[in-house]
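Chemist: From the sequence below, what's the structure:
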Amino acid sequence: MNILLVEDETRVADFIRRGLAADGWSVDHVSNGEDALEQAACNGYDVILLDLMLPGIQGKDVCRKLRARNTKTPILMLTALDTPEERVEGLKVGADDYLPKPFDFDELVARIEALHRRATNYLSHTNDTVISSGALTFDRASLQVNVHGSEVELSKKERDLLLLFLTNSGRVLSRERILNAVWGLNADPLTNVVDVYVGRLRRKIGSEGARIVTLRNVGYRMS
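Modeler: Just a heads-up that it's a prediction; the model follows:
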């Protein structure tokens, strides 16, 4: 998936870019409205992530100009302003969705994928209550985890971590993506909490823990 990220806050832009790139998506980043309009005119994107508050041309005006050009690309508006009036105005000028900052990274990914599915008429069937993988079952309604039919007691963070692996089976997850998905956007990127919790989870799920593979200097993948 090709994504245009329009964000003037360097820290936020870098975090989003690295997280999406770790999922295998191509991300072009610009920091102002003028460059956003130029990039959108020259390249085809699957989704545009557009910050509302930008230097020069504001995000709403960028969105309005893109729609005036008959640009059909789904636009997800990102902003620290979260009043109903701002959301309504953003949607009125042509945005397809709206996500206030700070946001959960997994929610950002889910919204991007939802916009892409809508644009390509793709239907997903991944909302089953019980997820089964190998000898593991995770009931999202009761939060019960079983391995080989026996219940395993996990903490909330361990359950969140396991659910992230199960719903991304076979995909490489960077430490940054895991950290943000489980601990939040403001977590210290230098902490080793991800490695500590992966170790705990592996031990608790026994033989199934070997399926969580470490990719040196990259992250983890659940086979």
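Chemist: For the spatially most central residue of the chain, which residues are in contact?
Modeler: For the chain, V109 is the residue whose C-alpha lies nearest the centre (Cα atoms, centre = their mean; 2.6 Å). For V109, the contacting residues are 19-20, 23, by Cβ atoms under 8 Å, 6 or more residues apart in numbering. Every residue, glycine included, has its C-beta placed from N, CA and C.
Chemist: Could you identify which of those has the most neighbours?
Modeler: Most neighbours among the contacts of V109, by other Cβ atoms under 10 Å: G19, with 24 neighbours.
Chemist: quick one on the thing from earlier: okay, the contacts of V109 in a markdown table with pLDDT and secondary structure next?
Modeler: A markdown table is the format used below for the contacts of V109 (pLDDT from 0 to 100; DSSP: H, G, I helix; E, B strand; the rest coil):
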| residue | pLDDT | secondary structure |
| --- | --- | --- |
| G19 | 87 | helix |
| L20 | 87 | helix |
| D23 | 73 | coil |
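Chemist: Rebuild the residues you listed as TSV, extending it with distance to T73.
Modeler: Output for those, formatted as TSV (distance: Cβ to Cβ, whole Å):
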residue	distance to T73
G19	20
L20	16
D23	19
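Chemist: ok, those residues vs K60, which is closest?
Modeler: Taking Cβ to Cβ as the measure, K60 sits nearest to L20 out of these, at 23.4 Å.
Chemist: residues in contact with the residue nearest to the closest one when sequence neighbours are not counted?
Modeler: The shortest distance from L20 to any residue other than its chain neighbours is 5.0 Å, reached at V27 (Cβ to Cβ, 6 or more residues apart in numbering). By Cβ under 8 Å, 6+ apart, the contact list for V27 reads 3-5, 16-17, 20-21.
Chemist: CSV for the residues you listed, including secondary structure and distance to L163?
Modeler: Shown next, in CSV, are those (DSSP: H, G, I helix; E, B strand; the rest coil; distance: Cβ to Cβ, whole Å):
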residue, secondary structure, distance to L163
I3, strand, 24
L4, strand, 30
L5, strand, 26
I16, helix, 22
R17, helix, 25
L20, helix, 20
A21, helix, 23
